[in-house]
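K.L.:
Coordinates for the following, if possible.
(one chain, ligands or ions: 1)
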Amino acid sequence: MTRICPACAAQNALDARFCNQCGCTLPIAQAASPGSFSARHPILIAGLLMILVVVFLGTDWWLWRHRSRALDGAPVAAEPEPAAQPVRIATPLRPTVQALCADRSNFITRNYCMDRQCRKPENGRDPDCVKILADEKERNNRFSPG
Ligand SMILES: [Zn+2]
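P.N.:
Here you go, the predicted model:
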């Protein structure tokens with residue numbers, strides 16, 4: 001492969017910077033392709049370089065970590081898991097009405113107890129009380145004339 005002088009069309013050596021026929025300056029970039037691969041795909045090249053750097057650094061870090069572990073005599077194992085945080089369950093401030101009346105012996109007295117507990121204003125928001133009071137209201141509406 002030779003360089004063709006643009007001025008006199010003489011063939012020159014590939015690394016020649018001046019034409020040996022006419023002495024004019026030969027263009028430096030006279031490659032066959034209009035642009036080098038990296039010039040046409042700069043993002044691709046940058047991405048590949050970044051991947052290489054990451055792989056290199058990662059391998060280096062991995063080797064360093066294992067070597068330092070081996071020197072310490074410690075077994076090469078996964079990092080110890082951080083202690084699991086105890087799951088905090090929101091506990092109600094006061095026992096439910098059902099809990100308050102759990103010691104009642106049977107269904108009727110338990111219902112009576114719950115009914116009585118639900119009349120207390122501090123138990124009004126208890127889910128059982130909401131249901132009981134709603135049922136009671138419905139009963140009253142159903143049976144009251146008008
Ligand atoms: Zn020439």
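
K.L.:
I'd like the next helix or strand past the helix or strand bottoming out on mean pLDDT in the chain.
P.N.:
None of the helices or strands of the chain scores lower by mean pLDDT, DSSP states H and E than helix 37-40, at a mean of 74. Counting by DSSP states H and E, the next helix or strand C-terminal to helix 37-40 is helix 42-72.

K.L.:
So which bits of the next helix or strand after that following helix are buried?
P.N.:
Under the assignment DSSP H and E, the closest C-terminal helix or strand after helix 42-72 is helix 97-100. Using 16 or more other Cβ atoms under 10 Å as the test for burial, helix 97-100 gives 97, 100. Where C-beta positions appear, they are placed from N, C-alpha and C, glycine not excepted.

K.L.:
what's in contact with helix 97-100?
P.N.:
113-114, 117-118, 123, 126, 128-129 (Cβ atoms under 8 Å, 6 or more residues apart in numbering).

K.L.:
Once you drop chain neighbours, what's closest to residue 118?
P.N.:
residue 129 (3.6 Å; Cβ to Cβ, 6 or more residues apart in numbering).

K.L.:
what mean pLDDT would you report for the helix or strand harbouring the one you found?
P.N.:
Using DSSP H and E, residue 129 sits in helix 127-143. Per-residue pLDDT over helix 127-143 has a mean of 86.

K.L.:
what's the farthest-apart pair in the contacts of helix 97-100?
P.N.:
Taking Cβ to Cβ as the measure, the contacts of helix 97-100 span a maximum distance of 12.6 Å, between 113 and 126.
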